[in-house]
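In: Sequence first, predicted coordinates after that:
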Amino acid sequence: MRLAGLVPPISPAMNGSRASTKINPTSTGVRFNGRAIACIHGGLFVLAWVTGLWIQLIILSLFNLIGNWLGCFWGLPQHCGLRENVLDFRKTVRSLRLHPVLEFLYWHMNWHTENHMYAGVPCCNLKKLHQAIKDDMPEPSSLTGAWREMLEIWERQKREPSYQFDTPLPATAQTQRNRAAVAEENSIGDLAPEGLR
């Protein structure tokens, strides 16, 4: 199968170990994709106009504009400005306190640090998990508090580009493992990331 023209050219950027991509907006594949998407949305608009069923347009074309902002509003402060390349998730992720209705709509992912630390725990039990391990966890932020902190970090990063916020841990938090790893934790062997072997 020939992919030339369908897949935009990708070049790794020089930024440490992460490979980011640059998409060439003048490539044939990108132009074709943009035109196809515009035609599909235009066709949906014409169909809604002809049939008078505007709900089609909202469900099939505008849904991303209606709900996507809320995911960004909740999701951005959970990672932005925090430390990177650290094995302790408490330093790289924020948990948020939300109203119970918003928490339900967000599938309890506002308990984001707990989700990263214990990915196998069902989302409906993340708040219970937080209660069980709260002595080792940073205090969850309110949504407005997290945004305020994130914007303060952003302002500081304008002056100091390498700055990353170091989340303070409670005095009762364990920073070292106090038990030997069990066989199940070591069972992935060479598949484990370098720092976890």
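Out: Here it is on my side, so go on. Bear in mind the structure is a predicted one, so any value in this text is a computation, not a measurement.

In: Check what contacts stretch 66-78 and list those residues.
Out: 58, 93-96, 98, 102, 106, 109-110, 112, 141, 143, 146-147, 149-150 (C-beta atoms under 8 Å, 6 or more residues apart in numbering). All C-beta spots, glycine's among them, are computed from the backbone N, C-alpha and C.

In: Just the buried residues of those.
Out: 93-96, 98, 106, 109-110, 112, 141, 143, 146-147, 149-150 (16 or more other C-beta atoms under 10 Å).

In: Can you pick out the ones from these that are in helices?
Out: Judged by DSSP state H, helices contain the following of the buried ones among the contacts of stretch 66-78: 112, 143, 146, 147, 149, 150.

In: Just name whatever secondary elements the helix or strand harbouring residue 114 is in contact with.
Out: Applying DSSP states H and E as the criterion places residue 114 in helix 112-117. On a contact count with 3 or more C-beta pairs under 8 Å, 6 or more residues apart in numbering; DSSP states H and E, helix 112-117 meets helix 126-133.

In: Tell me the gap between the helix it packs on and the middle of its chain.
Out: 21 Å (C-alpha atoms, centre = their mean, to the nearest Å).

In: Now tell me what touches it from outside.
Out: So helix 126-133 is contacted by 95, 103, 108, 109, 111, 114, 115, 118, 121, 137, 140 (C-beta under 8 Å, 6+ apart).

In: likewise stretch 160-178?
Out: 81-84, 88, 90-91, 94, 135-139, 149, 153, 156-157.

In: can I have that stretch written out in PDB, keeping just the CAs?
Out: Extracted C-alpha coordinates of stretch 160-178, given in PDB (Å, rounded to 0.1, in the frame of the first residue of the first chain):
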ATOM      1  CA  GLU A 160      12.200  30.900  33.400                       C
ATOM      2  CA  PRO A 161      11.400  28.500  30.500                       C
ATOM      3  CA  SER A 162      12.700  25.500  32.300                       C
ATOM      4  CA  TYR A 163      10.700  26.100  35.500                       C
ATOM      5  CA  GLN A 164       8.400  23.200  36.600                       C
ATOM      6  CA  PHE A 165       6.200  23.400  39.700                       C
ATOM      7  CA  ASP A 166       7.300  20.900  42.400                       C
ATOM      8  CA  THR A 167       4.000  19.800  44.100                       C
ATOM      9  CA  PRO A 168       4.500  19.800  47.900                       C
ATOM     10  CA  LEU A 169       3.700  16.500  49.600                       C
ATOM     11  CA  PRO A 170       2.200  16.300  53.100                       C
ATOM     12  CA  ALA A 171       4.600  15.600  56.000                       C
ATOM     13  CA  THR A 172       3.000  12.200  56.400                       C
ATOM     14  CA  ALA A 173       3.600  11.200  52.800                       C
ATOM     15  CA  GLN A 174       5.900   8.200  52.100                       C
ATOM     16  CA  THR A 175       8.600   9.100  49.600                       C
ATOM     17  CA  GLN A 176      10.300   5.700  49.600                       C
ATOM     18  CA  ARG A 177       8.900   2.200  49.300                       C
ATOM     19  CA  ASN A 178       9.100   0.500  52.700                       C
END
